[in-house]
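K.L.:
sequence isn't available, so here's the structure alone:
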DNA sequence: GATCTAAACGGACTGCGGTCCGCTTGTATT
DNA sequence: AATACAAGCGGACCGCAGTCCGTTTAGATC
């Protein structure tokens, strides 16, 4: 990985750069449509978009960075819903109900965008520190505190995050043919027990 | 990945093959000592052992397969302890205590062999179906049943397994500087709550 | 010991993610 | 319009995991 993750932030980007970014994002979506997220290679992407490989990496930093960019819309939408949307996912409902709703919606989200999320995750164990992951973690921690959990809500939020990892959810559904409703029920059971004893 | 994971099973292996396997394992341990598990490359390993690269892959199938082989001693020892060893980890203690002990020892194990385990994990989301993982899962599920949990012990065991993943534990300790005792305390809290409500 | 064959071998080869660096181009300045 | 220079560009290049296939050899059979 070199410098500059996605946008340095100093000044607008040059017009040709903006054009190429659109070209690349469009091509990437096409390729994923055709070959799946795992089937997308950076070389093919460059070729399809009609730019050099160096340009792809300049724009997105890495394959994982590209996937994150592609995910950002879906992620922003999800974040908006659990932070500002209507209850029980958004504020207004009791914390336990919000915890249940969070897991339920997150599971549904993973089933829709999980392949992409998995491709964005790959390798690197700082994946727990990407902004989105930090946000979910804080959200869960806050809900746990509101629910009255006093013993190390931070670590408990970590454990709950682990349960919702795309990799495991997809494995349960795709390999073990677990019905999503069953996942949701188990999540409800888990958070109820965690939040229950004060 | 090609054919033959580690040993086909039909008949003993040829003497030259056995010799090369020992050569490779010795060289691998040396290299990991010198460069860490992440620093070991299959090419370097072949060179150090004085064999061709093809031979390395014939023996171990993949980099992950090699790491699993290297781990197998440590894993077998751990398995023996929680299945047949003295309580509270082994049989004899009440299930809740065994659950607590399992997490505690597992966390300690990860801190000792975790880098190797991480290298064995990489990619492939069938990593949840390797024999060792299946065994832990069954063990946790059994303890949960014994503790009286009736609502979907299988999925609850999956969730508890997720909490003990090497990747997350190492991240918590190495990046966030969480003391191992704090991890153990949080695990105890978690399993107590899960096993508590009947 | 000669013969035979399946197993094992080795290293060139492929395709990937990612980097490097000399060249080009957009844009601000005058 | 000419100048200047940072930003952007492209593709040769690197190191890696993993594959392929022609060659060698262990060891069983006679």
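P.N.:
Arrived safely, thanks for sending. This structure is a prediction, so every number in the text was calculated from the model and none was measured.

K.L.:
residue A:135 contacts residue A:79, correct?
P.N.:
Yes. Counting by Cβ atoms under 8 Å, residue A:135 touches residue A:79, with 6.3 Å between them. C-betas here are computed from N, CA, C, even on glycine.

K.L.:
how about the residues of chain A near chain B?
P.N.:
By the rule Cβ under 8 Å from any Cβ of the partner chain, the part of chain A lying against chain B is A:118, A:122-123, A:125-126, A:128-129, A:151-152, A:155-156, A:158-159, A:162-163, A:165, A:167-168, A:170-172, A:175, A:178, A:182-183, A:185-186, A:189-190, A:193-194, A:196-197.

K.L.:
just checking, residue A:194 touches residue A:155?
P.N.:
No. The pair residue A:194 / residue A:155 is not scored as a contact, 11.5 Å apart, by Cβ under 8 Å.

K.L.:
give the contact list for residue A:109.
P.N.:
Listed by Cβ atoms under 8 Å, 6 or more residues apart in numbering or on different chains, the contact partners of residue A:109 are A:74, A:78.

K.L.:
hmm, try it at 6 Å
P.N.:
The contact partners of residue A:109, by Cβ atoms under 6 Å, 6 or more residues apart in numbering or on different chains, come to residue A:78.

K.L.:
now it: how far from residue A:181?
P.N.:
According to Cβ to Cβ, to the nearest Å, residue A:109 and residue A:181 sit 15 Å apart.

K.L.:
go on, residue A:135?
P.N.:
For residue A:135, the distance to residue A:181 equals 26 Å [Cβ to Cβ].

K.L.:
so how far is stretch A:163-172 off the chain centroid?
P.N.:
Relative to its parent chain, stretch A:163-172 has a centroid offset of 12 Å by Cα atoms, centre = their mean, to the nearest Å.

K.L.:
picking that back up, quick one: buried ones out of the residues of chain A next to chain B?
P.N.:
A:118, A:128, A:151-152, A:155-156, A:158-159, A:162-163, A:165, A:167-168, A:170-172, A:178, A:183, A:185-186, A:189-190, A:193-194 (16 or more other Cβ atoms under 10 Å in any protein chain shown).

K.L.:
residues from chain A in reach of DNA strand C?
P.N.:
Proximity of chain A to DNA strand C (Cβ under 7 Å from any atom of the strand) is limited to residues A:1-2, A:14-16, A:40-44, A:53-54, A:57, A:61-64.

K.L.:
filter those residues down to the ones in helices?
P.N.:
Taking DSSP state H, the ones among the residues of chain A next to DNA strand C that sit in helices are A:15-16, A:42-44, A:53-54, A:57, A:63-64.

K.L.:
residue B:100: which of these is nearest?
P.N.:
Sorting these by distance to residue B:100 puts residue A:64 at the head of the list, at 36.3 Å, by Cβ to Cβ.

K.L.:
on that earlier part again, turn the buried ones among the residues of chain A next to DNA strand C into a named ChimeraX selection, would you?
P.N.:
Applying 16+ other Cβ under 10 Å to these leaves a buried subset, and the ChimeraX line that selects it is:
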select /A:40,57,61,62,63,64
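
K.L.:
within reach of DNA strand D, which of the residues of chain A next to DNA strand C are there?
P.N.:
Near DNA strand D, by the rule Cβ under 7 Å from any atom of the strand, you find A:14, A:16, A:53-54, A:57 out of the residues of chain A next to DNA strand C.

K.L.:
farthest pair in those residues?
P.N.:
A:14 and A:53 (19.2 Å).

K.L.:
and the gap between residue A:33 and chain B?
P.N.:
Using Cβ to the nearest Cβ, to the nearest Å, residue A:33 is found at 22 Å from chain B.

K.L.:
per-residue pLDDT, residue A:68?
P.N.:
As predicted, residue A:68 sits at a pLDDT of 92.

K.L.:
any idea which helix or strand comes after the longest helix belonging to chain A?
P.N.:
The single longest helix within chain A, with elements called by DSSP H, is helix A:95-121. Using DSSP states H and E, the helix or strand that directly follows helix A:95-121 along the chain is helix A:131-146.

K.L.:
give me the angle between that following helix and helix A:95-121.
P.N.:
Here helix A:131-146 points in a direction 160 degrees away from that of helix A:95-121 (axes from the mean of the first three to the mean of the last three Cα atoms, to 10 degrees).

K.L.:
contacting residues around helix A:131-146?
P.N.:
Under the criterion Cβ under 6 Å, 6+ apart, residues A:75, A:95, A:98-99, A:153-154, A:156-157, A:160-161 lie in contact with helix A:131-146.
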